[in-house]
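In: what follows is a predicted protein model with its sequence.
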Amino acid sequence: MPVIDPHIAQLLQCIELEEKEQVKRYSLDQQHTLKALKAEGLALHPIVVTRKNFGYADYPEITFRLPFPPDNNQFKDGASIECFTSGEEPVKGVLMSLEGKTGEFRLFAPDFPDWIEDDGVGIKLAPDQRTTTIMKTVLKQLPDNKHLFGLFEQLHKETPTENFAVPNKNIDLNFSNIHLNDSQQKAVMAIVQNDTITIVHGPPGTGKTTTLIEAVIQLIKAGEKVLIAAPSNTAVDNIAKGLITKGVNLLRIGNATKVDEAIFMHTPEGKLSNGKQQKEIKELKIRVEQFRKMALKYKRSFGKAEREQRDLLFKEVENIRAEIKKIQAYNEDKLYTEAEVIAGTPIGLYDAKIHRLKFNTLVIDEAGQCIEPLAWCIFPLAQKYVLAGDHLQLPPTVLSNEAARLGLNRSILEVSISAINNIFLLNTQYRMRQAIAGFSGGYFYDGLLQTAAHLSNTGTHISFIDTAGSGYNEKRGDNGMSLQNEGELRIVQKLMETEILDPLLTAFISPYAGQVAAAREALPKEMRISTIDSFQGQEKEIIILSLVRSNDEGDIGFLKDYRRMNVAITRAKEQLFVIGDSATIGGDAFYNAFLTYIETQGSYRTVWEFEL
C-alpha cells in the first residue's frame with residue numbers, strides 16, 4: 001500500500017472531522033430540537049411558500065418568504081439543505097439564494113412533497129456529503145498527477161521556493177481600462193506573464209474585480225481560454241457582469257435562477273431558450289407533467305398495489321428527466337467549446353464535466369474564502385492559476401474546531417501566499433474615508449495602503465464610545481448561547497437620535513449573534529442588522545459596531561481573532577462608530593493600538609455624554 005503524503009492525509013482527516021461535525025450539528029432529533037437549531041441559525045422555520053415551478057433540469061424549485069428577519073450567516077447560496085415538516089420524511093435539496101426575508105431552493109426529488117404548502121414547513125442545513133466526497137476523491141487522486149502534485153508539494157514547503165519568482169519581463173499592454181492605477185496595472189501585467197501562480201490581494205475597495213476583468217480581457221487577447229471560479233454565486237455573478245459588459249463571450253454555469261437578465265442570457269438555459277432543441281425538451285416536459293399528474297392521483301393513504309403503480313409512474317418521470325438532461329448536455333457541450341470564459345463555483349465547474357477542454361488560466365476570486373481541498377477540485381482544469389482576495393479578512397467557515405485547528409479553515413490564498421513570491425498588493429482603496437482605512441492599512445497592510453485623494457478627511461469619520469465604569473456588562477442571552485450587552489444597545493438608540501442617523505444608510509454589526517438578535521428587537525426595522533461574519537463583503541455609509549465584551553477579567557473571547565475586527569472596521573464609507581469597554585479590551589495590544597489611533601485620528605467619547 002503506497003504511503004500517503006502527510007499533508008494530504010491531514011486534509012483528508014480534516015474533511016472527515018468536518019463531515020462528522022456537520023452530521024452532529026445539523027441533526028433534528030431529541031438532542032437537537034427545532035428550537036435549538038433555530039437558535040443556532042441552522043434552521044429557518046416556518047417558511048411561507050410563494051411559488052413552485054420546475055427548473056431547467058426539471059427539479060422542483062420553491063420560492064419562499066420568512067415571517068421574521070433571519071440571521072442567515074450560515075445559509076449561503078449553494079448550501080445543502082433539507083425541507084421538513086413534522087411527521088414526514090425530509091427531502092434533500094440545495095439553497096439557491098437567500099436575500100433578506102425571501103429565498104429559493106431546489107429539491108432533489110421527482111416532485112413537490114404533498115405537504116410542501118402545509119403549516120409548519122421549514123428548511124434546515126444538512127451535511128454536504130456530495131462536496132466532501134468529491135474533495136476526498138480529488139485529494140486521493142492528486143499524487144497520480146505529477147505536475148499538480150509537484151505544485152501541491154511546493155505550496156506546502158516550509159520556506160518559499162524560488163520557482164515562483166516574480167516575472168521580470170517588461171511588456172507593453174494596450175489597457176482597455178485606462179483608469180487603472182499603477183499597482184493594478186502591475187498586477188495585470190504579472191497575470192499576463194504568469195507561468196504558474198500569481199496572487200493579487202488587497203483590502204476592500206482596492207479594485208480586485210476591476211483588475212481581474214482587465215486581466216481576463218488581456219488573456220483573451222493573447223488567445224487564452226479562461227476559467228473563473230469563486231466560492232459564492234454572488235462573487236461569480238459580480239465578475240461575470242463586468243466581463244459581459246466588456247463584450248466577452250462568457251458562459252455562466254450553475255445557479256441560473258436568481259441571476260439578473262443580463263447574466264441569464266449567458267447561462268446555458270438562457271442561451272438555449274430559443275433553440276430548436278427546446279421544442280423537443282418542451283414535449284418531454286409535457287410528458288413528464290402527464291406522468292406526474294397520474295402519479296399524484298394516488299394520495300397519501302393507499303395500498304401496496306397503488307404504491308407500486310405510483311412508484312412506476314415516478315420511475316418514468318425519472319427516465320424522461322434523464323433524457324432531458326442528455327439533450328441539454330449535448331447542446332451545452334457546444335456552448336462550452338465556443339465560450340472564451342466559463343464561470344461558476346468550484347463544484348459547479350467540477351460538475352460541468354469540462355475536463356476535456358483546455359483552459360490556459362484559472363482565476364479564483366474571493367480565494368481567501370475558498371478552503372484548500374475545494375481549490376484542488378478545479379486546479380486540474382487549467383495550466384496556470386490566479387488567486388485574488390484578502391487573506392487578512394475572515395477565513396472560510398469551518399464547523400469542526402478540531403478540523404480548524406488542523407488547518408481546514410486555511411484558504412487556498414493563505415496557503416499559497418506563505419509559499420510563493422509572485423504576490424501583488426493593490427495599494428489604493430476607493431471605498432472609505434482616510435481615517436476609517438488608516439488603522440487597518442497600518443496594522444494589517446504594513447502601512448502600504450493609500451487612500452484615493454477624493455476620500456481625504458473632511459471632519460470626524462471614526463469615533464469610539466467608551467463604556468468603562470458604566471456597569472454595562474456583558475451577559476448571556478436567553479438561550480444561553482451567545483453574549484449580549486443591553487447598555488451598548490441603549491447607546492446605539494441614543495446615538496441614532498443625537499447624530500440624526502438615517503437608518504437606511506446605517507448598519508449595526510456585532511461579533512455576537514446574541515447582540516444581533518437583541519438589536520433586531522430594539523433598533524429600527526429598516527436598518528441593516530448583522531453579525532460581522534454575515535456582513536463581510538458588504539458596505540454602508542455609516543457603521544455602528546458593538547463589541548459587547550465588558551467584564552472584570554479582561555476576557556475578550558473571539559475578539560482575539562483580529563481578522564474579524566479588520567472586517568468590521570472596513571465596512572463604513574463615511575462614518576464608523578465603535579462602542580466598547582476600554583477597561584476590558586485595552587489590555588490587549590491590538591485594541592490598545594486601535595484606541596490610541598482613534599485618540600489621534602478621530603473622536604474618543606465616553607458613555608456619560610449620552611446621559612443614559
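Out: Yep, that arrived.
In: lowest average confidence, helix or strand, in this protein?
Out: Within the chain, confidence by mean pLDDT, DSSP states H and E is lowest for helix 277-296 among all helices and strands, at a mean of 75.
In: quick check: next helix or strand after that one?
Out: For helix 277-296, the following helix or strand on the C-terminal side (DSSP states H and E) is helix 304-338.
In: give me the helices and strands touching the helix or strand just after that following helix, please.
Out: Proceeding N to C from helix 304-338, the next assigned helix or strand is strand 341-344, under DSSP H and E. Where contact means 3 or more Cβ pairs under 8 Å, 6 or more residues apart in numbering; DSSP states H and E, strand 341-344 is packed against strand 226-229, helix 233-245, strand 250-252. C-betas here are computed from N, CA, C, even on glycine.
In: now Glu488: which helix or strand?
Out: helix 486-498.
In: what angle do the next helix or strand after that helix and helix 486-498 make?
Out: Tracing the chain past helix 486-498, the next element assigned as helix or strand by DSSP H and E is strand 506-510. Taking axes from the mean of the first three to the mean of the last three Cα atoms, to 10 degrees, strand 506-510 and helix 486-498 form an angle of 170 degrees between their directions.
In: the stretch 1-150 of the chain: helices as residue ranges?
Out: Using DSSP state H, counting those that start in this stretch, the helices of the stretch 1-150 of the chain run over 6-26, 34-39, 129-141, 146-155.
In: quick one: the longest one to chain centroid distance?
Out: Mean-position distance between helix 6-26 and its chain equals 20 Å (Cα atoms, centre = their mean, to the nearest Å).
In: counting contacts, what elements does that helix pack onto?
Out: Helix 6-26 packs on helix 129-141, helix 372-378, helix 401-405, going by 3+ Cβ pairs under 8 Å, 6+ apart.
In: phi, psi for Asp111 please.
Out: Dihedral angles of Asp111 (phi, psi; degrees, to the nearest 10) stand at phi -160, psi 170.
In: which residue is the nearest non-sequential neighbour of it?
Out: Arg292 (5.6 Å; Cβ to Cβ, 6 or more residues apart in numbering).
In: ok, the one you found to Ala109 distance?
Out: Note on Arg292: its distance to Ala109, by Cβ to Cβ, to the nearest Å, is 11 Å.
In: the two: who's more crowded?
Out: Higher neighbour count among Arg292 and Ala109: Arg292, with 19 against 14, using other Cβ atoms under 10 Å.
In: my read: the more buried one touches Val317, true?
Out: Yes: in this structure, Arg292 is within contact of Val317 by Cβ atoms under 8 Å, at 5.8 Å.
In: overlap in contacts of those two?
Out: Taking Cβ atoms under 8 Å, 6 or more residues apart in numbering as the criterion, Arg292 and Val317 both touch 110-111.
In: which residues of the stretch 301-450 of the chain score low on pLDDT?
Out: By pLDDT under 70, the low-scoring segments of the stretch 301-450 of the chain are 301-303.
In: which residues does the residue nearest the centre of the chain contact?
Out: When Cα atoms, centre = their mean is applied to the chain, the residue found nearest the centroid is Ser232 (4.3 Å). Ser232 is in contact with 76-78, 345, 366, 369, counting by Cβ under 8 Å, 6+ apart.
In: what score does it have for pLDDT?
Out: Ser232 carries a pLDDT value of 86.
In: tell me the spacing between it and Tyr430.
Out: Counting by Cβ to Cβ, the gap from Ser232 to Tyr430 is 22 Å.
In: same question for Ile213.
Out: Counting by Cβ to Cβ, the gap from Ile213 to Tyr430 is 15 Å.
In: neighbour count winner among these two?
Out: The neighbour comparison of Ile213 against Tyr430 (other Cβ under 10 Å) goes to Ile213, with 25 against 14.
In: name the element that one belongs to?
Out: helix 208-221.
In: report the buried residues of that helix.
Out: 208-220 (16 or more other Cβ atoms under 10 Å).
In: quick check: end-to-end length of stretch 96-109?
Out: Distance across stretch 96-109, first residue to last, is 16 Å (Cα to Cα, to the nearest Å).
In: show me what counts as buried in it.
Out: Buried-residue list, stretch 96-109, by 16+ other Cβ under 10 Å: 96-98, 101, 103-107.
In: make CSV from those residues and add distance to Ala187 to it.
Out: Shown next, in CSV, are those (distance: Cβ to Cβ, whole Å):
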residue, distance to Ala187
Met96, 33
Ser97, 31
Leu98, 33
Lys101, 39
Gly103, 36
Glu104, 36
Phe105, 38
Arg106, 37
Leu107, 43
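In: which pair in these spans the largest distance?
Out: Lys101 and Leu107 (20.6 Å; Cβ to Cβ).
In: ok, for Gly368, nearest residue in space, not its chain neighbours?
Out: Nearest non-adjacent residue to Gly368, counting by Cβ to Cβ, 6+ apart: Gly389, 3.5 Å away.
In: what bridges to the one you found?
Out: Judged by DSSP bridges, the bridge partners of Gly389 are His201.
In: okay, now it: neighbour count?
Out: 26.
In: doesn't Ala367 make contact with it?
Out: Yes: assessed by Cβ under 8 Å, Gly389 is found in contact with Ala367 at 4.2 Å.
In: joint contacts of the two?
Out: By Cβ under 8 Å, 6+ apart, Gly389 and Ala367 have these common neighbours: 411, 413.
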